[in-house]
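Visitor: Let me see the structure of the following:
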Amino acid sequence: MSRLSRPFFISLAATALAACTTTTQFSSNPPGAEVTYLNKVIGVTPFQYEVQDQFGWFSVYEFKATRAGHASKVLSFYERTPLDHNNVIPKAIHFDLEAAAKK
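Guide: Residues are numbered from 1 along each chain as shown. Got it, this is the predicted structure:
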């Protein structure tokens, strides 16, 4: 490895490790929706949560909102490049939930 490429790779590794979480505000209409991520309930809207970076190339982040009397909604965010981890999860995620059809 040349002297010029070593600093580049060190900088690249430091950048990848520097942004390990994204603080995101979750909300829904109507409020009071339970949000799950990685099969775990992370809160009831509105709330703030720190999403951990998955440290995988082309990771997918899926959040599911459920509320009684409403259809569930899933929002997915995709890492499009290996260096995209800083821009994948938005600072605010909002779920518009529709009333479930009456039987």
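
Visitor: Spit out the contact partners of the residue nearest the centre of the chain.
Guide: When CA atoms, centre = their mean is applied to the chain, the residue found nearest the centroid is residue 89 (4.3 Å). When contacts are counted by CB atoms under 8 Å, 6 or more residues apart in numbering, residue 89 touches 22, 24, 51, 61, 77. Yep, even glycine has a C-beta here, placed from its N, CA and C like the rest.

Visitor: Let me know the helix or strand that the fourth one is in.
Guide: Counting by DSSP states H and E, the element that carries residue 61 is strand 60-66.

Visitor: Give me the distance from that strand to the chain's centre.
Guide: The chain centre lies 8 Å from the centre of strand 60-66; the measure is CA atoms, centre = their mean, to the nearest Å.

Visitor: can you dump the C-alpha coordinates of it into PDB?
Guide: Output of strand 60-66 as PDB, limited to C-alpha atoms (Å, rounded to 0.1, in the frame of the first residue of the first chain):
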ATOM      1  CA  VAL A  60     -32.300  -2.000   4.900                       C
ATOM      2  CA  TYR A  61     -34.000  -0.200   7.800                       C
ATOM      3  CA  GLU A  62     -37.700  -1.100   8.200                       C
ATOM      4  CA  PHE A  63     -40.100   0.500  10.700                       C
ATOM      5  CA  LYS A  64     -43.600  -0.700  11.200                       C
ATOM      6  CA  ALA A  65     -46.400   1.300  12.900                       C
ATOM      7  CA  THR A  66     -49.500  -0.400  14.300                       C
END
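
Visitor: Just after that strand, pick out the following helix or strand.
Guide: Following the chain from strand 60-66 toward its C-terminal end, the next helix or strand by DSSP H and E is strand 73-78.
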